[in-house]
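>>> Provided below for reference: sequence and predicted model.
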Amino acid sequence: MPSARCRVEIDAPPARVMEVITDFPAYPRFLPEIEEAEVVSATPESWEVRFVLRLIRRMEYTLRLSRDEDRLLQWSLVAGIFRSNDGSWELEPMDGGARTRATYAIDLVMDVFIPRAIVNSLVGESLPATLARFKARAEGG
């Protein structure tokens, strides 16, 4: 799967955006492709989370995520359908901290074959839609 990077400006401070990003159990309520998100273990600055995703088929995977204050959330694969799944959210304050420029980056390598045309479509269409859902949730929608 190709790497992808997408940026969105959010009318909420970085702390609010990070709050939404790290509320993993809420993902199924606003991300229709996420069927389950279970925090397996947690510390104040890191989590291990098991996700069940339904895109082409049901996919289960576990990520280890860690954050650096309200600026950065990074993750890597622990187990699951991918060969690798690495990514990050970078949050930059704007307008004196009242708004946020959020940059989402992901690099996936699938462990099963999915035709490249389908993968490119998923990245090109679902990633912007997913960021729009995070934006709406952070802005109070």
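Yes, it's here.
>>> For this structure, which segments count as helices?
For the chain, the helices defined by DSSP state H cover 14-21, 27-30, 116-121, 127-138.
>>> Name the stretch from those that approaches residue 95 most closely.
Proximity to residue 95 (C-beta to C-beta) singles out helix 14-21 among those, at 11.4 Å. Yep, even glycine has a C-beta here, placed from its N, CA and C like the rest.
>>> For that closest one, C-alpha coordinates in PDB please.
Extracted in PDB, the C-alpha atoms of helix 14-21 (Å, rounded to 0.1, in the frame of the first residue of the first chain):
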ATOM      1  CA  PRO A  14      -4.600  21.200  19.600                       C
ATOM      2  CA  ALA A  15      -5.600  19.900  23.000                       C
ATOM      3  CA  ARG A  16      -9.100  19.300  21.900                       C
ATOM      4  CA  VAL A  17      -8.000  17.600  18.600                       C
ATOM      5  CA  MET A  18      -5.600  15.300  20.600                       C
ATOM      6  CA  GLU A  19      -8.500  14.500  22.900                       C
ATOM      7  CA  VAL A  20     -10.600  13.300  20.000                       C
ATOM      8  CA  ILE A  21      -7.700  11.400  18.400                       C
END
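>>> Can you point out the buried residues in it?
For helix 14-21, burial by neighbour count (16 or more other C-beta atoms under 10 Å) applies to 14, 16, 17, 18, 20, 21.
>>> Stretch 99-108 too?
Buried residues in stretch 99-108, counted by 16+ other C-beta under 10 Å: 99, 100, 102, 104, 106, 108.
>>> The third one against residue 7, yeah?
If I follow you right, that is residue 102. Yes: assessed by C-beta atoms under 8 Å, residue 102 is found in contact with residue 7 at 6.9 Å.
>>> how far away is the residue located most distally from the centre of the chain from residue 13?
Note on the chain: the largest C-alpha distance from the chain mean falls to residue 96, namely 25.2 Å (C-alpha atoms, centre = their mean). From residue 96 across to residue 13, the span is 9 Å (C-beta to C-beta, to the nearest Å).
>>> Likewise for residue 26?
For residue 26 relative to residue 13 (C-beta to C-beta), the value is 19 Å.
>>> Please identify which of those two sits among more neighbours.
residue 13 (20 against 13; other C-beta atoms under 10 Å).
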